[in-house]
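Student: Here's my sequence, what's the structure:
(one chain, ligands or ions: 1)
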Amino acid sequence: MFAKHHSLDPVEIAQVDKRHVLHPWSDLKTMHTEDPLVLAEAKGIHISDAEGNRYIDGIGGMWCVQVGYGREELIVTMAEQARRLCYYTPFGAMANVPAAQLAQALAERAPGDLNTVSFATSGSGAVDSAIRFAHFYFNCLDQPSKRQVIVRMDSYHGSTYLTASMNGKRRDWSQFNYARELVHFLPSVNAFRRPKGQSLEDFANEKVADLEAMILELGPENVACFVAEPIQASGGVIVPPEMYLPRCLEICRKYDVLYISDEVVTAFGRLGHIFASKDVFGITPDIITCAKGLTSGYIPMGATIYSDRLIKAISGENAVDHPYFTNGFTYSGHPVAAAVALKNLEILEGDGILEQVRDTGPYFQAELQKLRDLPIVGDVRGMGLMACVECVVRKIGAEPGEADMAVAARVDAHAQERGLILRPFESLCILSPPLIVTTKDIDRIVSILRDSLIATQNDLIAEGIW
Ligand code: PMP
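Tutor: Just a heads-up that it's a prediction; the model follows:
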């Protein structure tokens, strides 16, 4: 029995996994029959499976392994902090050194007066905390009706009950109950899917107007916050129209609606800056949520960063009776995670990785754009080191451009055979490689992707689907 736990036989591990692990987004129809890819080790931008096959990790773990795998500094930091102080409760007036220093480091790098940090252990936890704070804030200000949350279709904000209720991917809605009484969805800002003939400018105006119209429809006195990823990541790397985010912020200010910028993906260098809200999109939100790249995925951690304006309005002499923000987790500000995050920031900034991404990002995007010559490619979009190739398939009898099949999974299978892992979602091939990729690595990624798209196209033709 004991030996079994330590078996490295990939077939056996796959069997154990299929029998006992309920993975995120498991397909219950195939969970006991479909073999998982058993991953064993990783270094730099490469990951190897238990059978020794090596792949370029085209998705950076899951938008998170910024500095690459196997960084000795992070491993040593983790061990040293565990030896010094592995854990203590963060509740009440208990501080630990790395968490305090990390909060300061985040405050220094966050825009405007965002200077107060609460820690979580995931992106979902960070977003959940932000919503709970928005409700707490308006209750403290004696405006308890301000509790509605506005989000957008194609958004992804997490997998807790509340944050899952804020996800705008229709496919994920089936068989669940959600907090629909609290969450309201604006139409998608995906310009690729805009009505035929509509100009980009009209599309942008319409999307901004959608937000104002929804606030007015719900009543500004009932709306607590607008939550938006600067670039919608999992929903298909949807880059918003020019000036869309600043104009949304203006509208939020006009109606005293808190603007929560969900930077779980866009922070920590993915767009070449520690935070993208201000440096890339010119907005200073009220709250920023982050996770993933905060620790380069070496250990779980999330953070929510609040503006002084909000904190001041409800603390100290402005505090109500019993003003306890009863939000937080056993592992909030975990010292080992905080120490890793501090070292990760040091690497991102000290090794010039942010500057590197400002060079490799545009190169990555330009090279991917060249895939547009393939008939299967409908759209290529992205920014920095996050990108999406949207496939279009002319299914027999369907409208041209309709993308209604799991074509990206086919592309991913071909890519894996050629040594690259992508993130497939329906017709979307998503890429977010570690930030240390070089232009040479990018050439290899794009070349494998091209071959995989062509192979998929040929399969579809051979099957008579195209
Ligand atoms: N927000 C965004 C924008 C995300 O992309 C994700 C995860 N993909 C989350 C929140 C949730 O983060 P986690 O999975 O760490 O809970």
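
Student: who's in contact with stretch 45-53?
Tutor: 8, 10, 13, 37-42, 54-57, 68-69, 419, 421, 433-434, 436-437, 441 (Cβ atoms under 8 Å, 6 or more residues apart in numbering). For the C-beta atoms, the positions are set from N, CA and C on the backbone; glycine is no exception.

Student: now stretch 98-116
Tutor: Against stretch 98-116 from outside (Cβ under 8 Å, 6+ apart): 81, 90, 117, 119, 274-275, 277-279, 283-285, 287-288, 290, 303, 305-309, 311, 333-336, 338-339, 341-342, 345.

Student: on that earlier part again, mind checking which of the contacts of stretch 45-53 land in strands?
Tutor: 39-42, 54-57, 421 (DSSP state E).

Student: farthest-separated two in those residues?
Tutor: 40 and 56 (15.9 Å; Cβ to Cβ).

Student: So for the residue nearest to residue 149 when sequence neighbours are not counted, what's the pLDDT?
Tutor: Leaving aside its sequence neighbours, residue 149 sits nearest to residue 183 (Cβ to Cβ, 6 or more residues apart in numbering; 5.0 Å). Residue 183 carries a pLDDT value of 98.

Student: contacting residues around residue 183?
Tutor: So residue 183 contacts 148-151, 165-166 (Cβ under 8 Å, 6+ apart).

Student: cool, and residue 442?
Tutor: Counted by Cβ under 8 Å, 6+ apart, residue 442 has contacts 360, 363-364, 367, 433.

Student: what does residue 420 give?
Tutor: Taking Cβ under 8 Å, 6+ apart as the test, what residue 420 contacts is 55-56, 58, 444-445, 448-449, 452.

Student: Which ones, among those, also lie beside the ligand?
Tutor: Among the contacts of residue 420, not one lies near the ligand by Cβ under 6 Å from any ligand atom.

Student: now those residues in a markdown table, with neighbour count?
Tutor: As requested, the contacts of residue 420 are exported to a markdown table (neighbours: other Cβ atoms under 10 Å):
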| residue | neighbour count |
| --- | --- |
| 55 | 21 |
| 56 | 23 |
| 58 | 27 |
| 444 | 16 |
| 445 | 25 |
| 448 | 21 |
| 449 | 26 |
| 452 | 22 |
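
Student: Can you tell me which of those residues lies closest to the ligand?
Tutor: The shortest gap between the ligand and any of the contacts of residue 420 belongs to residue 58, at 15.7 Å (Cβ to the nearest ligand atom).

Student: Next, find the distance separating that closest one from residue 252.
Tutor: 35 Å (Cβ to Cβ, to the nearest Å).

Student: Which parts of this structure belong to which domain?
Tutor: What automatic domain parsing lists as the domains of the chain is 37-67+352-462, 73-350.

Student: which stretch in these has the least confidence?
Tutor: Looking at these, the weakest mean confidence is domain 37-67+352-462, a mean of 93.

Student: Start and end of it, how far apart?
Tutor: For domain 37-67+352-462, the first-to-last residue distance is 27 Å (Cα to Cα, to the nearest Å).

Student: Quick check: the residue of the chain found nearest the ligand vs residue 166, distance?
Tutor: Among the residues of the chain, residue 123 lies closest to the ligand, at 2.3 Å counting by Cβ to the nearest ligand atom. Applying Cβ to Cβ, the value for residue 123 to residue 166 is 12 Å.

Student: what sits in contact with each of these two?
Tutor: Common neighbours of residue 123 and residue 166 (Cβ under 8 Å, 6+ apart) are 157-158.

Student: Reduced to three states, what does residue 382 come out as?
Tutor: The three-state assignment at residue 382 reads strand, by DSSP: H, G, I helix; E, B strand; the rest coil.

Student: Only alpha carbons, please: show stretch 165-178 as CSV.
Tutor: In CSV, the C-alpha atoms belonging to stretch 165-178 read as follows (Å, rounded to 0.1, in the frame of the first residue of the first chain):
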residue,chain,number,x,y,z
SER,A,165,-21.7,33.5,-9.7
MET,A,166,-19.7,36.3,-11.4
ASN,A,167,-18.4,34.2,-14.2
GLY,A,168,-19.7,35.1,-17.6
LYS,A,169,-19.1,31.8,-19.5
ARG,A,170,-22.5,30.4,-20.3
ARG,A,171,-21.1,26.8,-20.6
ASP,A,172,-20.1,26.9,-16.9
TRP,A,173,-23.6,27.8,-15.7
SER,A,174,-25.3,24.4,-16.2
GLN,A,175,-26.3,22.3,-13.2
PHE,A,176,-25.4,24.9,-10.6
ASN,A,177,-27.3,27.4,-8.5
TYR,A,178,-25.8,30.9,-8.4
